[in-house]
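> Just the structure for this:
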Amino acid sequence: MTKRGVRGKTIKYFKGAILFVISIALLLRPLPVMATQTTKQQLEEAKEKKKQSQDELDNTKENIAEMNEEKSSLQGQLNSLNNQLTEVSNNLAEIEEQIGDKENEIENTQTELEAARETEEQQYASMKKRVQFIYEKQNFMLLDMLLGATSFSGFLNQNNYVESLSAYDRQKFQEYIETRKLIEEKEKTLEEEMDQLEEYQVKQQAEQSRVNGLVSQTSGSIKQYANDISDAEAKADELEKQIKAQENDIKILEAKLAEEMRMSKLAASSSWRDISEVSFAEGDRYLLANLIYCEAGAEPYEGKVAVGAVVINRVLSSVYPDTVVGVIYQNKQFSPVASGRLALALAEGRASTSCYQAADEAMKGYSNVGSCVYFRTPVPGLSGTTIGGHVFY
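Next comes the predicted model:
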């Protein structure tokens, strides 16, 4: 067998041994749930989601209040517009009634004017006939009056009668002319008033149309606001239910975190072993280096050493598993384990030289983070030693 074949078998056997040791450790050792970066991350995310929901609810309620205020304002405008519309409609009805009356007046005036014209023409014709008769028969009439008169005074009386009759005709004719003129002036005045009424009617009809349009527009806006308010209220109800559910989740996570922090304090106050008392298994260096790669591959070297120190600190603490395998695979402690990234890194041997160097320093007992047993990305309210993108505490 070639050296390459022997080497391949050795690596394969080595990996198999690691997996076997891991499986035995998981089966034989109980894994208590401790405070983890995952729990804190979940709690912070839950609080942030609840804050976002609360902000959205506050904004929604503010929008509802503004829309209700705008709706009330529009309702006031609508009431005012309806009053205007009623007033315009009443004015229009009154104008139409006045127009009807004016049409009757004009019609009556035209009848009067026609009658006056006919009377004037008849009077003029009669007077013309009498004048013509007198002119044509004046010699005969004078002779007849002279012969028929019993005295000169009687003749004069008859002559005065003729003159009075002529004067009466002229007077009546002049009166008819003046009456016709008065009726014509009255007709003209009525027609002017009629024109003014019709012009006012047109303006009032335009105003009625305008106000009608505003009423329809405002009513539509009120209806839209009512629909928007209804939708916003339904959204607010859903947000309130969502916030209650999020508050319940936060309570659960806070209770869990409190228990984990209690265990963390217990670890700090419990006894610790010296590094000389630890016996590392054959695959511990390989396992720790790949965990460091997953957790701090992009961190500076000091950050890699710090992650390794956290693992070894837990091995030394009496409240954590006493092996590297037990600590790393403890339930819900290191996210690369749950996500499968560590398994992939182990299968492909992704750990870099600096990751191995950091693992070596940690396994020798060196710690640049004191007795810290946790690390995570920074969150508000969390204090500790910051190295690279992690806070160690």
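> show me the contacts for Ile243.
Residues near Ile243 by C-beta atoms under 8 Å, 6 or more residues apart in numbering: Lys50, Ser53, Gln54, Leu57. Using the backbone N, CA and C atoms, a C-beta is placed for each residue, glycine as well.
> show me what contacts the first one?
In this case it means Lys50. Ile243, Gln246, Glu247, Ile250.
> of all those, which two lie farthest apart?
Comparing all pairs in the contacts of Lys50 by C-beta to C-beta, the longest separation belongs to Ile243 and Ile250, at 10.1 Å.
> coming back round to it: which of the contacts of Ile243 count as buried?
For those, a neighbour count by 16 or more other C-beta atoms under 10 Å gives the buried set as Lys50, Ser53, Gln54, Leu57.
> tell me the contacts of the second one?
Right, the one you point to is Ser53. Contacts of Ser53 by C-beta under 8 Å, 6+ apart are Leu239, Gln242, Ile243, Gln246.
> at 6 Å what do you get?
For Ser53, the contact set (C-beta atoms under 6 Å, 6 or more residues apart in numbering) comprises Leu239, Gln242, Ile243.
> so who does Val305 touch?
Contacts of Val305 (C-beta under 6 Å, 6+ apart): Ala358, Glu361, Asn368.
> Pull up the gap between it and Ile387, please.
Val305 sits 9 Å away from Ile387, going by C-beta to C-beta, to the nearest Å.
> any idea what sits nearest Glu361, other than its immediate chain neighbours?
Among residues not flanking Glu361 along the chain, Val305 sits closest, at 5.4 Å (C-beta to C-beta, 6 or more residues apart in numbering).
> Quickly find the element holding the one you found.
Using DSSP states H and E, Val305 maps to helix 301-316.
> Which of the residues in that helix are classified as buried?
For helix 301-316, a neighbour-count test (16+ other C-beta under 10 Å) marks 303-316 as buried.
> out of those residues, who's nearest Tyr393?
Nearest to Tyr393 among those: Val310, at 9.7 Å, using C-beta to C-beta.
> in this structure, which spans are strands?
Counting by DSSP state E, one finds strands in the chain at the ranges 375-376, 385-387, 390-392.
> so what strands line up beside the first one?
For strand 375-376, the paired strands and their directions (DSSP bridges) are strand 390-392 (antiparallel).
> what comes into contact with the strand it pairs with?
Outside strand 390-392, the residues within contact range by C-beta under 6 Å, 6+ apart are Ala306, Val369, Cys372, Phe375, Pro378, Leu382, Gly384, Thr385.
> Let's see the pLDDT reported for the residue nearest to the last one when sequence neighbours are not counted.
Nearest non-adjacent residue to Thr385, counting by C-beta to C-beta, 6+ apart: Phe392, 4.5 Å away. Confidence at Phe392, expressed as pLDDT, is 91.
> one step back: would TSV of the contacts of Ile243 with distance to Glu66 and pLDDT be doable?
Listed next are the contacts of Ile243 as TSV, based on distance: C-beta to C-beta, whole Å; pLDDT from 0 to 100:
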residue	distance to Glu66	pLDDT
Lys50	24	85
Ser53	20	90
Gln54	19	91
Leu57	15	87
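> between those residues, which is closest to Asp284?
Lys50 (41.6 Å).
> For Arg376, see how far away the closest one is.
Counting by C-beta to C-beta, the gap from Lys50 to Arg376 is 20 Å.
> Over to Ser335?
According to C-beta to C-beta, Ser335 and Arg376 sit 10 Å apart.
> Which one's more surrounded, the two?
Taking other C-beta atoms under 10 Å, Ser335 and Arg376 do not tie; Arg376 has more neighbours (21 against 16).
> What's opposite that one in the beta bridge?
Taking DSSP bridges as the rule, Arg376 bridges to Val391.
> What pLDDT is listed against it?
86.
> and what of Glu282?
pLDDT, read off for Glu282, is 92.
> Phi first, then psi, for it.
phi -60, psi -40 (degrees, to the nearest 10).
> Just give the number of residues close to it.
There are 10 residues near Glu282, going by other C-beta under 10 Å.
> pLDDT at Lys265, what is it?
73.
> So, low pLDDT: which residues of the stretch 201-350 of the chain?
253, 256-261, 263-264, 267 (pLDDT under 70).
> In it, what residue spans correspond to helices?
Assigned by DSSP state H, counting those that start in this stretch, the helices in the stretch 201-350 of the chain fall at 284-296, 301-316, 324-328, 335-339, 341-348.
> Turn the ones you listed into JSON lines, columns for distance to Ser126.
Converted to JSON lines, the helices of the stretch 201-350 of the chain look like this (distance: least, C-beta to C-beta, whole Å):
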{"stretch": "helix 284-296", "distance to Ser126": "134"}
{"stretch": "helix 301-316", "distance to Ser126": "134"}
{"stretch": "helix 324-328", "distance to Ser126": "140"}
{"stretch": "helix 335-339", "distance to Ser126": "128"}
{"stretch": "helix 341-348", "distance to Ser126": "131"}
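> of all those helices, which lies closest to Gln75?
Nearest to Gln75, of all those, is helix 335-339, at 57.1 Å by C-beta to C-beta.
> What residues sit buried inside the closest one?
Ser335, Pro336, Val337.
> and of the residues you listed, the nearest to Thr323?
Distance to Thr323, by C-beta to C-beta, is smallest for Val337 among these, at 14.7 Å.
> Quickly note the distance from that closest one to Ser153.
Using C-beta to C-beta, Val337 is found at 158 Å from Ser153.
> Check Thr377 too.
In this view, Thr377 and Ser153 are 147 Å apart by C-beta to C-beta.
> again with Asp101
Taking C-beta to C-beta, one finds Asp101 at 59 Å from Ser153.
> again, but for Pro321
Pro321 is 167 Å from Ser153, where distance means C-beta to C-beta.
> again, but for Met67
Distance of Met67 to Ser153, computed by C-beta to C-beta: 108 Å.
> For these two, work out which one has more neighbours and name it.
The neighbour comparison of Met67 against Ser153 (other C-beta under 10 Å) goes to Met67, with 17 against 9.
> and Asp228, what is it in contact with?
Counted by C-beta under 6 Å, 6+ apart, Asp228 has contacts Met67.
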